[in-house]
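[1] Turn this into a structure:
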Amino acid sequence: MEQWLLEQYRQRIETTGSQLVDLLYIEDLGAKTDRGLAKRVIGAMTAFTLGIYLNFLLERELLAVKSLFAYLA
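    Numbering: from 1, shown residues only. Prediction:
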């Protein structure tokens, strides 16, 4: 069951991870404490989720967060 779910959503999961790294620099947050790291991860995930929601409202592809910034500019 888990393998089937992973195969079904693998591309979406990889795209999301890639965008978090490219757009929000999630690999190098520069936090000094565990609490600071948690705050920065929560902030990055909130921004990414907001981008997905804006794409939903604009009837665009949901994971096209990177092009959303160009669209809104």
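[2] Low-confidence ranges, the protein, go.
    Counting by pLDDT under 70, the chain shows low-confidence ranges at 72-73.
[3] and the gap between the nearest residue to residue 26 once chain neighbours are set aside and residue 53?
    Of all residues not flanking residue 26 in the chain, residue 20 sits nearest, at 4.4 Å (CB to CB, 6 or more residues apart in numbering). From N, CA and C alone the C-beta is placed, and that goes for glycine too. With distances defined as CB to CB, to the nearest Å, the gap from residue 20 to residue 53 amounts to 16 Å.
[4] of these two, who's got more company?
    residue 20 (18 against 11; other CB atoms under 10 Å).
[5] Check the contact between that one and residue 46; I expect there is one.
    No. At 11.9 Å, residue 20 and residue 46 do not qualify as touching, with contact defined as CB atoms under 8 Å.
[6] residue boundaries of the helices in the protein?
    Counting by DSSP state H, residue ranges of the helices within the chain are 2-24, 34-57, 65-72.
[7] Give me the buried positions along the second one.
    Same thing as helix 34-57. 40, 44, 48, 51, 52, 55 (16 or more other CB atoms under 10 Å).
[8] ok, now which ones touch the last one?
    Shown in contact with residue 55 (CB atoms under 8 Å, 6 or more residues apart in numbering): 61, 62, 63, 64, 65, 68.
[9] Format the residues you listed as CSV; extra columns: distance to residue 8 and neighbour count.
    Written out in CSV, the entries for the contacts of residue 55 read as follows (distance: CB to CB, whole Å; neighbours: other CB atoms under 10 Å):
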residue, distance to residue 8, neighbour count
61, 18, 12
62, 16, 12
63, 15, 18
64, 20, 16
65, 21, 24
68, 25, 19
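[10] Generate a markdown table for the residues you listed, with distance to residue 1 as supplementary columns.
    Rendered in a markdown table, the data for the contacts of residue 55 read as follows (distance: CB to CB, whole Å):
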| residue | distance to residue 1 |
| --- | --- |
| 61 | 28 |
| 62 | 25 |
| 63 | 25 |
| 64 | 30 |
| 65 | 30 |
| 68 | 34 |
